[in-house]
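Visitor: Let's see this in three dimensions:
(one chain, ligands or ions: 1)
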Amino acid sequence: MRLALINIGQETNDFNPVPTTLRDFQSFGIYEGRTIVDKLRGLGQVGGYLEAIEESNRRIETIPIIRGWATAGGRIDAESLNFFMAKIRDGLKAAGKIDGLALQLHGACAAEGLDDVEGAQLELCRSILGPDVPIVCSLDHHANVTQKMVALSTAIVGYRTQPHDPLETAKVAAELLIRIVAGDAKPVMAWRKLRLLSHQEQFLTSKGPMKVWFDRARAHEKDKRVLHVANFPMQPWLDVAEGGWATVVVTDGDKALAEKLADEMADLAWSLRAEFQKKDAVPVDEAVRMADAAKAGVVVLSDTGDTVFGGAAGDSNLILESILRQNIKSTALVPMIAPGTVATLIAAGVGASVTLPLGGNATPFFTPLTVTGKVRRIGGGLVTVSDHHQREVDMGRTVVFDVGPATLLISELRGLAGNSPDVYRALGVEPKDYKMAVLKTASNFQYFAPITSEVIRVDTRGPGQSDIVGLPWKRIPRPIYPLDPITDWRG
Ligand SMILES: [Zn+2]
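Guide: Below you'll find the predicted structure:
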């Protein structure tokens, strides 16, 4: 059989006004044709697809078309949207007759003027392939599932864990695609859209209400008639017309069972709605004092409001301001994304003492903080990373800048922000030598985990803030919980 492979991903944060451009995709590598397979064997969704093909022991020809991935951020610009649409169109047309499409997308991508990028991409694929070629669409579980996505795909598969399991999920999706093409499965889908949102503090699937909901999905899959159950707790920063959580059930030809389970999964999430809203985050000053007083480091200070992995701009100086004002006794690592500041510091040169405004360069959530520091090192570019869904990431030009007890890693590009120790080590900074490290994520603590003594969620404002009621929503369907007092997930 001949299968085409497309892998495109970006998670949009509508409260970050900085558009995501092709440069952000290039930072993680835009690959076409065989390069996709060569670069990503054993890694991420592409790696999972390839494992499934190899383990199937079938004669399968793969036609890899396009791969582009960017860190979460503002809406993708028109150039990025058009670029990937053209690559999909040209690639599928050039592929000739194919028997199935493995379509690996994020599911929560919006573009300038377009809420549902994945729906548009699916529409394009369908228009070229016709109604009968199976399309199995694998999505990040923070996706916003839309009517188009369900109508135009043959089956939808979602990540099963937070932190994500792209390789394993793509493998599940590819195995399903092979079964469908071989005539061994006849998928039918049922789905429910919930008038529900929550912040990200309860998003880990290893504990709390998310574990309950995801464990139930896995339990249903033990029934041979059930092909897949995917829960989609949409990431809480997508302000789009069809926004909200969803659950999708795929069964082997049993529509009634799919409908019944979809209702049950929606009811279960709704029954847990108050637990999903539970906040653990502590105020900024208190979090900094706790970290300073801790017996051992590295204490992770999770900057929830400025989560770069959740699409924030990485320009917050709130925790830095607290560290400097409270005059802490220990040392801290603070990452920041600020291209203009990088240029200023590079112009000053290594060893220079510089006074300049820092942070608040991208979003209206923060105002610049004037600091004086010393340029320790200039570097950046491609950084080799371990334990990630790819091997190298471009951070752009990057500067290590010491301000009192804080060592700042200021980069031009989003890359991995400061969420992996590898990014610091590439610049000669050993995170283990620091008492606390600010991470620009609210869930992805796994890269720092081997050297982490404790994680403190900090209740910071910003495009990723836990106070979702306080965000300036414009397009999300109302009423929706917890923004409005409603008693039924159907709204
Ligand atoms: Zn996600």
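
Visitor: Let's see the helix or strand harbouring residue 123 as CSV, backbone CA atoms only.
Guide: Following DSSP states H and E, one finds residue 123 within helix 117-129. Output of helix 117-129 as CSV, limited to C-alpha atoms (Å, rounded to 0.1, in the frame of the first residue of the first chain):
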residue,chain,number,x,y,z
VAL,A,117,-6.2,26.1,10.3
GLU,A,118,-6.3,22.3,10.6
GLY,A,119,-9.9,22.2,9.4
ALA,A,120,-8.8,24.2,6.3
GLN,A,121,-5.8,21.8,5.8
LEU,A,122,-8.1,18.8,6.1
GLU,A,123,-10.5,20.4,3.6
LEU,A,124,-7.6,20.8,1.1
CYS,A,125,-6.5,17.2,1.6
ARG,A,126,-10.0,15.9,1.1
SER,A,127,-10.5,18.0,-2.0
ILE,A,128,-7.5,16.4,-3.6
LEU,A,129,-8.0,12.9,-2.3
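
Visitor: now the strands for the stretch 1-150 of the chain?
Guide: Here the stretch 1-150 of the chain has its strands, by DSSP state E, counting those that start in this stretch, at 2-9, 31-32, 61-69, 100-105, 135-139.

Visitor: Pull the residues that contact the shortest one.
Guide: Which is strand 31-32. By CB atoms under 8 Å, 6 or more residues apart in numbering, the list of residues contacting strand 31-32 from outside reads 39-40, 64-68, 87, 91. (Each C-beta comes from the backbone N, C-alpha and C, glycine too.)

Visitor: mind listing the helices for the protein?
Guide: With DSSP state H as the criterion, the chain has helices at 22-26, 34-40, 44-55, 78-94, 117-129, 147-152, 166-181, 208-220, 255-271, 273-276, 284-293, 318-325, 339-348, 421-425.

Visitor: of all of this structure, which residue lies closest to the ion?
Guide: Nearest residue of the chain to the ion: residue 142, at 3.5 Å (CB to the ion).

Visitor: so what's the residue lying closest to that residue once chain neighbours are set aside up against?
Guide: Once flanking residues are discounted, residue 142 sits nearest to residue 235: 3.8 Å by CB to CB, 6 or more residues apart in numbering. Residue 235 is in contact with 11, 13, 72, 108, 142, 200, 310-311, counting by CB under 8 Å, 6+ apart.

Visitor: Same question for residue 9.
Guide: Residue 9 makes contacts with 68-70, 104-106, 109, 140, as judged by CB under 8 Å, 6+ apart.

Visitor: which one of those has the most neighbours?
Guide: Highest neighbour count within those, by other CB atoms under 10 Å: residue 109, with 31 neighbours.

Visitor: Thought residue 118 was touching that residue, still the case?
Guide: Yes. Between residue 109 and residue 118 there is a contact at 6.1 Å, judged by CB atoms under 8 Å.

Visitor: Just send the contacts of residue 9 back as a markdown table, with pLDDT and distance to residue 239 too.
Guide: What follows is these, written out as a markdown table (pLDDT from 0 to 100; distance: CB to CB, whole Å):
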| residue | pLDDT | distance to residue 239 |
| --- | --- | --- |
| 68 | 98 | 23 |
| 69 | 96 | 23 |
| 70 | 96 | 19 |
| 104 | 98 | 25 |
| 105 | 98 | 19 |
| 106 | 98 | 16 |
| 109 | 98 | 13 |
| 140 | 97 | 18 |
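
Visitor: Of these, which ones also sit close to the ion?
Guide: residue 140 (CB under 5 Å from the ion).
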